[in-house]
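[1] no sequence on this one, just coordinates:
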Ligand code: KIV
């Protein structure tokens, strides 16, 4: 926004606030839950105004916005900075903030402190943590501290080093059993929803049927209670080839590139700015003889 532009009035209609309970009711009514990531004020505002149910300030921020190779290096302070911007934009969606790698791995006390900062300073309505049954006691502790938790199982990007790459999970009977157990353990510990990432659709359907809490899939097929995509993948702002599960719904890069090129052409041809886009002196000064004279440069 330019400094002189008047801030437009808030165009958002007063739609009911989405909470964890709304998501649960949607699952009960078999109504799809919509979710997207967002990392800054303008994109979060677009997503919220479009009526998306859940906005995740995902740690994919490290890759999509900050240009890192994985999510591992993201810090709590970086996440807080983006969460605050998103918070200022969101009025309807359920706002979930991802806990970065290392922010919940040292001790329960450290995890609680970091999660509380996401709620108190970042305005999170829930935090998301990656991992299965081993995270159940942490989910219980966070829930006991009144912090709703979204679990995340399957292909968990923070496990990239242990997994040796981003690999689809749950393709064997023991892995399927483990993931079914993970989902049950997280639900039992009080998780309000589960992200299922990078698992066979048949397994996601089985987890979804067994779970009383909503499942939100990414690369987990159509049988989940909801779907989430990374904003930059969905709107053409990712520079690498997309994963099989991602779909580009509009080509944001092409649109922006075309706009930038048009701007450059107009400036080069001196067609921007026009007179109508310029400020003017008051007529009495512009037409008067008292216009200040330009000082002559004394530089030799
Ligand atoms: O960080 C992220 O964007 C995520 C989604 C892939 C669910 O965790």
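    Perfect, thanks for sending it. Since the structure is predicted, the reported quantities are computational estimates derived from the model, not experimental observations. Numbers count the residues shown, from 1 in each chain.

[2] just want the residue of the stretch 1-150 of the chain that's nearest the ligand.
    residue 58 (2.5 Å; Cβ to the nearest ligand atom). C-beta coordinates here come from the backbone N, C-alpha and C atoms, glycine included.

[3] that's a helix at residue 96, yeah?
    No: counting by DSSP: H, G, I helix; E, B strand; the rest coil, one finds residue 96 to be strand, located in no helix.

[4] measure it to residue 146 for me?
    15 Å (Cβ to Cβ, to the nearest Å).

[5] with residue 48 instead?
    Distance from residue 48 to residue 146, counting by Cβ to Cβ: 24 Å.

[6] these two: who's more crowded?
    Neighbour count, other Cβ atoms under 10 Å: between residue 48 and residue 146, residue 48 has more, with 22 against 8.

[7] isn't that one right next to residue 91, touching?
    Yes: taking contacts as Cβ atoms under 8 Å, residue 48 lies within contact range of residue 91: 6.3 Å.

[8] isn't residue 58 right up against residue 230?
    Yes: between residue 58 and residue 230 there is a contact at 6.6 Å, judged by Cβ under 8 Å.

[9] now do the shared contacts for these two.
    Shared contacts of residue 58 and residue 230 (Cβ atoms under 8 Å, 6 or more residues apart in numbering): residue 37.

[10] quick one: which of these two has more around it?
    Neighbours were tallied for residue 58 and for residue 230 using other Cβ under 10 Å; the higher tally belongs to residue 58 (28 against 23).

[11] measure how buried the closest residue to that one other than its chain neighbours is and give me the count.
    Distances taken as Cβ to Cβ, 6 or more residues apart in numbering put residue 37 closest to residue 58, at 4.1 Å, once the chain neighbours are dropped. If you count neighbours by other Cβ under 10 Å, residue 37 ends up with 28.

[12] so residue 37 bridges to which residues?
    Residue 37 has these beta-bridge partners by DSSP bridges: residue 56.

[13] where does the prediction get shaky in this protein?
    The chain contains residues with pLDDT under 70 at 1-13, 289, 297-300.

[14] which parts of it sit against the ligand?
    Taking Cβ under 6 Å from any ligand atom, the part of the chain that reaches the ligand is made up of 37, 56, 58-60, 98, 152, 195, 197, 218, 228, 230.

[15] drop anything exposed from the residues you listed.
    Buried members of the residues of the chain next to the ligand, counted by 16 or more other Cβ atoms under 10 Å: 37, 56, 58-60, 98, 152, 195, 197, 218, 228, 230.

[16] in strands, which of the residues you listed appear?
    In this view, these that belong to strands under DSSP state E are 37, 56, 98, 152, 195, 197, 218, 228.

[17] you'd agree the fifth one is up against residue 228?
    Which is residue 195. Yes: using Cβ under 8 Å, residue 195 is in contact with residue 228, at 6.7 Å.

[18] what distance do you get for residue 296 to residue 288?
    Distance, residue 296 to residue 288, by Cβ to Cβ: 22 Å.

[19] can you give me the strands in the chain?
    Using DSSP E, the strands assigned to the chain run over residues 33-37, 54-57, 94-98, 126-130, 149-154, 193-197, 215-218, 226-229.

[20] ok, the nearest residue in space to residue 123 that is not next to it in sequence - contacts?
    Excluding its sequence neighbours, the residue lying closest to residue 123 (Cβ to Cβ, 6+ apart) is residue 87, at 3.2 Å. Each residue near residue 87 by Cβ under 8 Å, 6+ apart is listed here: 95, 122-124.

[21] dump the strands of the chain to a markdown table, plus distance to residue 183.
    Listed next are the strands of the chain as a markdown table, based on distance: least, Cβ to Cβ, whole Å:
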| stretch | distance to residue 183 |
| --- | --- |
| strand 33-37 | 16 |
| strand 54-57 | 18 |
| strand 94-98 | 18 |
| strand 126-130 | 13 |
| strand 149-154 | 6 |
| strand 193-197 | 6 |
| strand 215-218 | 8 |
| strand 226-229 | 15 |
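
[22] phi, psi for the residue nearest to residue 131 when sequence neighbours are not counted please.
    Closest residue to residue 131 apart from its sequence neighbours, by Cβ to Cβ, 6+ apart: residue 156 at 6.3 Å. Here is the backbone geometry of residue 156 (degrees, to the nearest 10): phi -100, psi 110.
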